[in-house]
Structures are given as C-alpha cells and as structure tokens.
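# I would like the atomic coordinates for the input below:
(2 chains)
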Amino acid sequence: MTLLDPTISPVALLAADTSSRELLDEFSKREIRRAVLTAVAVPGYQVPFASREMPVARGWGSGGLQITLALVGPEDTVKVIDQGEDAGVNAANLRRLIADTTGVDTTTVAGEATIVQTRHRVPEDALGDDQILVLQVPVPEPLRGVERDMTELRRMHAEGDYARMWVSLYEDLVRNGVITQTTGYPCLVGGRYVMATTPIPRWDIPKLHRSAHLSLFGAGREKRIYAVPPHTDVEPLTFDDVPFEVERTEGASCHRCGAGSPDSGVESFLVELPGTEGGRWVCSDTDWCNRRLSSGMVAR
Amino acid sequence: MTPALRVDGLGKIYGPGTTADVAGTGPGFNRVVSPTSGGIVAAWDVSFEVGPGEALGVIGESGSGKSTVMRCICGDEEPTTGSIRLASVDGGGTDLRTLSPARRRALRVDRLAVVYQDPAEGLDLRLSAGGNVAERLTAAGWRNFGRIRERASELMLRTDVPLDRMDDPVREFSGGMRQRVQLAKALANNPPVVLLDEPTTGLDASVAASVLDLIRDLLEELGVAAVVVSHDFAVIEMLTQRVVVMHHGRIVEAGLTDQLLEDPQHPYSQRLVGAARG
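Down below sits the predicted model:
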C-alpha cells in the first residue's frame, strides 16, 4: 500500500505533473498575454480575462501577480513593492512566490528591474522604456461609485459619457470645498477612456502621464486588465478653474534622507511613522531613500 | 419655415403583430388590441409639427397613446414606423430614427429636453439640485466649476428654487420643488424643443398652479417649441396654442386650442370636453 507509505506524500501521488513549479500553464499565460495586448491596443479600456485561482486571496494582488507570471521570462528581473516598500509582508511574500515558481531574478533597485509589480505606489525614479510597471488593482471600474448597473457602465464607457463622473467631482467640491478623492483619482487615458488609478495616490499620477514605461493594471477579483502604453496622455479629471493637486504635508521631510525639506531640493511621497508623537516622516519608497543615503547624496 | 419638431406617420405596436394588424384597431373599432394577433397598437399614423416658440398640446384619456408618442419622440421607446425630425439636426433633413443610439441620446443634452411626470425619472434624487443641472452642463462639455455654479444658480433663480437649497439633495425636496429642479435641468443648455409629459399631474392644486405659471412664463420667454402631454384641459388651455386629441392611438381631431375646447367636432372630443366642463 503505497498510500500508507510514510515516505511518499499522498499529494505527490495525486498530482499529475510535478516537474514544473509554475502556477500558470502555458495556455493561461497566453490568454493573459492576449488580454494584455488588447489592453495596450486600447489604452484605458478594461479587458475581461479569465482570472485564475492564485495562492493569494483575490483582492490581495492576484491580478498583478497573474500579469507578472504571464510576462516573466528567464532574462527578467522582478521587483515587488507594497506601499513603496520592498520589505512589506505582502511584497516579500509575492516576490518569493514569483521567484520560487518561475526561477526569475529579483531585485529591490527600481533601475535594475524589468518588471516592477506594485500595490499603492509608483517608484520615485522614472522608469525607462525597457521596464514594465504592473499594478495590483482592487477596483478597476472608475464609475462604480456613480453607477452600479454593468450594462449602463459599459454604455457609458462605449459612448464616452462621463457626465456623471464630472458631477461626482462637482458634488465633492460643493460639499467639501476640495476634491477629497485621494487614492484612485479618475484619469482620462489617451483622451478616450476614464480609468481608475486605484490604489496609487495622486502624487504618482503625473508619473503615468506620457511616461516612457508601460503600465499594466490587473484586477484579479474583478477579472479585468487595462493598460497605459508608453507616451500616452493620462490626465486627471479636473475642472479648468480647480487645479489638480498632489498630496503634500506642510513642513514634513524624511527623517532619514531629508527629502521634502527645503534644502534637500527633492520631494518624495512621505508616510508618517506609526507611534511617533508630533509626526516623524519617512519616504514611502524605501529603495529610493536607501540609495540616496548610501550614495552619499545626503549628509547625515 | 422649418418646424422645430416634425413627426410624420409615427406608429408603435407592442407585442406580437405587424402593420397588417392595424386594420382592426383604432377609434372606429373602439380598441387598440389587434383582434388577430393580440398586438397592441398604442399609436398609429400620428403626425404633427411644432414651430419655434409654439406649444402644442396632446390630450386624451389614459391609454390613448399620448405618452407613447412622447416616449417615441424623445427616444425612450423605438417606434415601429414613422419619422421624427428636428430643425436643429441637419435642418430637419434627417430622421432621428436613422441616428445611432449614442447620437440619439446625445440630442437629449441640448436639442430635445424632456420633463417627466415623475421627477425621479428626470432627476438623480441622490444628487443636489445644482448637481442635477451640472450633469447636463458637463455632458455639454462645461469644464469650469465657477461657470457651472453660476449657470446653475441662474437656472435656480429662474425656476424659483431657493438658492440656499441648491446644494441639498433633491430627495429632500417636495414634489413641486423637484418639478422645478427638473425644469431647470431640462432648460440647462437652452434646448430648442422641450417635451412635457403631464408636468403638473400629481402636484396639489396650488403647487400645480404655480408650476404651471412658471412653465408658461418660461415657454414665452425662451421661445422654445414645446409639446405638452396632458389629460388635464386646464393645463392644455393655459400652455398651448394648438392641440391634437388622441383616442385609441390615433389623432381624432386637431385645431386651435381655444376653438377646439369651445367647439369640439369629433364625438370623442365632445365627450372629453363635456366631461371636463361638467
């Protein structure tokens, strides 16, 4: 009775093919790549795809993970960040998962990566035309807040009928005096489709506009992939007389590298360290901050 | 002169049935349901014109096809046959039915406005009064917040909606005030043609009278072409110069409002006027 043999795992017996450690078979990869190509061809348009089961919960990066797994080849180097940080629990786990199942090289240096998978941030350094940014998207539908009916949503996108999106911005301004939407600010891509930029902060939106790199957005739970090809307009929706503004905290600067202080001459997206009275701030992009420190650009 | 709105041979059959079934229906047969197929001939052979600055009344009892005609004109329903032309679209040379659904819907932004009996149909009750107007303006390409506010306030003033309520959600408004907001929204982009479907039905008498006064003033002032659908003679008499009487889906009589109400010719019109005048 082999099943009772303690040296052989029953799972191994049940598994058909144990030679590959990959999570996606070749057909699945091809299907995802096709969706990616369609997305690149129609900037900002949400392409449906058959989201596979991943060993992470849906809504925890399964969309971005599938894109990365479908794209990586032997010559690729992958960087994974969460809130700008390579060492975040989710980022570290996803990076290990990708490396273990595909054998791809990993890095924390933005400039060395060919694929940067991210949740919440775009790296502070501009990416080049040989790099791909993969974003993990929880809610791909920018109009979800103003309309729930899927058929109507499709019609609105098809006809470029975004009046109600504008009205939601109007109402926000009337009620609060400012546009309160922080992450996921709606943007018009290539002058045609309105896209959700969830979950990146407003700070990162200008980095998508006419960028050299390709941005791919994957929503595993909602089964959608969309893209911003290189050199494509990404314009935040805003009224002519109400300028789009990125987040800034007055007087805050990174307590490690000094970014954000007047004499540093550079700015980065800062996050407040938890449990520090009066507020101690640090760069959200830890790799960028570390490199500033180690390169001696900053006098400590 | 080109009429602002021209409707020719409009017909709408619901359910099964073809144009062949029209024969057994209408006022002459006292029925709209085809005896052969069971199809409902809600409207048939409806033709009329409305000039700029003119208001045409469509009157008839419930089920006579008035609202069907209106819904076919504005695009809420697809008519079975007939043509609809607007002077503002290709000088009246194009039948709106040949336009794509998207272009058809786009006409509602600034060419052809509708005021429904139920404000919930024409408004988003979750939005503020100003937001509802802003929806029309942004659809027409307005992208300046200050100017949108300005235009919305102007319309609120014009439709007697208190300015300090402009930023309150419409769902908190009374029926009469909702109807005023609906008017403001309909008129936001100065459409040359406005369709009003029972605009004061459901409002109590004093509120209805004030809304009616407002509509009359607006029609006179803005010089729009209007089609007013109502079962209420008081509304038709107050707002319109010409009227068509509908019965079982057909127009049975047409004429000047004053004359028709004083001296109806068709037996059904006589009954209708008789009933209203008591």
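# secondary structure element for the residue of the stretch 1-150 of chain A found nearest chain B, which one?
The nearest approach of the stretch 1-150 of chain A to chain B comes at A:V146, 9.0 Å away (Cβ to the nearest Cβ). To be clear about C-beta, it is placed using only N, CA and C from the backbone, and glycine gets the same treatment. Assigned by DSSP states H and E, A:V146 belongs to no helix or strand.
# name the nearest residue to it, sequence neighbours excluded.
In this structure, A:V146 finds its nearest non-sequential neighbour in A:R164, 4.5 Å apart by Cβ to Cβ, 6 or more residues apart in numbering or on different chains.
# contacting residues for that neighbour?
Counting by Cβ atoms under 8 Å, 6 or more residues apart in numbering or on different chains, A:R164 makes contact with A:143, A:146-147, A:156, B:124, B:135.
# how far away is it from A:D172?
Plainly put, A:R164 is 13 Å away from A:D172 if you go by Cβ to Cβ, to the nearest Å.
# how about the residues of chain B near chain A?
Neighbours of chain A within chain B, by Cβ under 8 Å from any Cβ of the partner chain: B:102, B:105-106, B:124, B:127-128, B:130-131, B:134-136, B:138-139, B:143-148, B:167.
# doesn't B:A188 make contact with B:T159?
No. If you go by Cβ atoms under 8 Å, B:T159 and B:A188 don't touch, sitting 10.6 Å apart.
# mind giving me the PyMOL command for buried ones among the contacts of A:R164?
Buried residues among those (16 or more other Cβ atoms under 10 Å in any protein chain shown), as a PyMOL selection:
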select buried, (chain A and resi 143+146+156) or (chain B and resi 124+135)
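# A:F269: neighbour count?
26 (other Cβ atoms under 10 Å in any protein chain shown).
# per-residue pLDDT of it, please?
pLDDT, A:F269: 93.
# where do the helices sit along chain B?
B:66-74, B:101-110, B:119-122, B:129-139, B:145-158, B:175-186, B:205-222, B:233-239, B:257-262, B:267-277 (DSSP state H).
# hey, which helix is longest across chain A?
From DSSP H, the single longest helix across chain A is helix A:26-41.
# the residue in the stretch 201-300 of chain A that chain B sits nearest to: how many residues sit nearby?
Here the residue of the stretch 201-300 of chain A nearest chain B is A:F239; by Cβ to the nearest Cβ that distance is 3.9 Å. For A:F239, the neighbour count with other Cβ under 10 Å is 20.
# for it, phi and psi?
In terms of degrees, to the nearest 10, the main-chain angles of A:F239 are phi -70, psi 150.
# now for it: which residues touch it?
For A:F239, the contacting residues are A:169-170, A:173, B:143-145, B:148, by Cβ under 8 Å, 6+ apart.
# out of these, which are buried?
Neighbour counting by 16+ other Cβ under 10 Å classes A:169-170, A:173, B:145, B:148 among those as buried.
# which one is A:E235 nearest to, not counting chain neighbours?
Here the residue nearest A:E235, using Cβ to Cβ, 6+ apart, is A:L188, at 4.8 Å.
# isn't the one you found up against A:T238?
No. Contact criterion Cβ under 8 Å: A:L188 and A:T238 do not qualify, at 10.1 Å.
# would you list every one of the strands in chain A?
A:47-48, A:77-82, A:105-106, A:115-119, A:132-136, A:187-189, A:193-195, A:214-219, A:224-228, A:234-236, A:270-272, A:281-283 (DSSP state E).
# can I get the ones you listed in CSV with mean neighbour count?
Putting the strands of chain A into CSV (neighbours: other Cβ atoms under 10 Å in any protein chain shown) gives the following:
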stretch, mean neighbour count
strand A:47-48, 15
strand A:77-82, 24
strand A:105-106, 16
strand A:115-119, 25
strand A:132-136, 26
strand A:187-189, 22
strand A:193-195, 22
strand A:214-219, 27
strand A:224-228, 28
strand A:234-236, 18
strand A:270-272, 18
strand A:281-283, 23
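# out of those, which is closest to A:W203?
Of all these, strand A:270-272 sits nearest to A:W203, with 9.4 Å by Cβ to Cβ.
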